[in-house]
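Enquirer: Okay, sequence plus prediction incoming.
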Amino acid sequence: MVISNDNVTLPQKETCAVISMRDAVALLAQEKNISYEDALILFAGSRIYDALFDFDTGIWRESSEYLLDLYNRFADKSS
């Protein structure tokens, strides 16, 4: 199924991004055996967080598992 960005409002994109981020952060906390708050700090400091809220990337459409995979793949390369 193809979704057109033309029909999705900015608030809807933000909501999708936040929901996916919250779930990804919960998975990260579980994976690293750290608190949700510590995982949120790690994730929010990453390039993936920046890309998630840059709606031109389209990452806001992806699942929390995908976000966590991206985070893990690029965590050591963040700047």
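Expert: That came through fine. The shown structure was predicted, so the numbers you read here are calculated from the model rather than taken from an experiment. Numbers count the residues shown, from 1 in each chain.

Enquirer: Got the phi and psi for Glu62?
Expert: Main-chain dihedrals, Glu62, degrees, to the nearest 10: phi -90, psi 160.

Enquirer: how far away is it from Glu14?
Expert: Remark: distance between Glu62 and Glu14 (Cβ to Cβ, to the nearest Å) = 15 Å. Any C-beta I mention is one placed from the backbone N, CA and C, and that applies to glycine too.

Enquirer: More neighbours: which of the two?
Expert: Higher neighbour count among Glu62 and Glu14: Glu62, with 17 against 13, using other Cβ atoms under 10 Å.

Enquirer: quick one, what contacts the more buried one?
Expert: Ser20 (Cβ atoms under 8 Å, 6 or more residues apart in numbering).

Enquirer: cool, and the one 5 residues further on?
Expert: The neighbours of Leu67, taking Cβ under 8 Å, 6+ apart as the test, are 20-21, 24, 48, 52, 59.

Enquirer: ok, so of those residues, who is nearest Leu10?
Expert: Closest to Leu10 out of those is Leu52 (14.0 Å), distances taken as Cβ to Cβ.

Enquirer: hang on, the earlier thing: quick check: PyMOL command selecting the buried ones in the contacts of Leu67.
Expert: Restricted to buried positions by 16 or more other Cβ atoms under 10 Å, the PyMOL selection for those reads:
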select buried, resi 20+21+24+48+52+59
